[in-house]
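Novice: Need the 3D shape of this:
(chains A, B and C)
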Amino acid sequence: MNHWLVKSEPEAYSWADFVREGGTDWTGVRNYQARNNLQAMQPGDLALFYHSVSEKAVVGVAIVHAAHAPDATAEAGSPWVAVHLRPHAPLGRPVSLAALKADERLAQLGLLRQSRLSVTPVRPEEFDLILALAEG
DNA sequence: GCCAACGTTGGC
DNA sequence: GCCAACGTTGGC
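Specialist: Take a look at the predicted model:
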């Protein structure tokens, strides 16, 4: 099983929206590197859900419910794909960007190394550590 | 509001 | 194929 981190601006689509809807097609990714990550996702993979810009914190865990399919919001024949994500669990408490940066064990975290990439892989030990930080 | 990072576009 | 210009993202 692989682990991931997906970003969303809460003003555009928040964890609360995600929970309310019970899941969503993760559409709108228009970057090849992020698309490649979407294509590598398999059902059962877990993804940290990060609120960018206004909140800057990991707030929950999503689970990949369906592997990639063409992004219905893109033109037919375009290379863009979406996966279907469902809520898996909220975090006990959000883990802020500052907290991620402050932990030297997360120095290689994709989010920190390439802050603009909207879908990044997360190493299992990084994933577990972030969950542990959320437990306080 | 500013700016750094970075991806894309287009002229040459 | 190179690179300058430009647009977008997202942290500060």
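Novice: Enumerate residues external to the lengthiest helix in chain A that contact any of its residues.
Specialist: In chain A, taking DSSP state H as the definition, the longest helix is helix A:124-135. With contact meaning Cβ atoms under 8 Å, 6 or more residues apart in numbering, helix A:124-135 is reached by A:3, A:46, A:48, A:58, A:61, A:91-95, A:99-100, A:103, A:105-106, A:108-109, A:122. (C-beta placed from N, C-alpha, C; glycine too.)
Novice: ChimeraX command for the buried members of these?
Specialist: Buried subset of those, written as a ChimeraX selection, criterion 16 or more other Cβ atoms under 10 Å:
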select /A:3,46,48,58,61,91,94,95,100,106,109,122
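Novice: now, which of the contacts of helix A:124-135 lie within helices?
Specialist: Reading helices off these with DSSP H, I get A:99-100.
Novice: and the longest helix of chain A with DNA strand C, contact?
Specialist: No - legend: contact between helix A:124-135 and DNA strand C by Cβ under 7 Å from any atom of the strand is lacking; minimum distance shown is 14.6 Å.
Novice: and if you look at stretch A:110-121?
Specialist: Yes - contact of stretch A:110-121 with DNA strand C (Cβ under 7 Å from any atom of the strand) involves A:115-116, A:118.
Novice: average pLDDT across stretch A:125-136?
Specialist: Average pLDDT, stretch A:125-136: 94.
Novice: where does chain A come near DNA strand C, residue by residue?
Specialist: So far as Cβ under 7 Å from any atom of the strand goes, chain A lies against DNA strand C at A:7, A:9, A:52-53, A:56, A:97-98, A:101, A:115-116, A:118.
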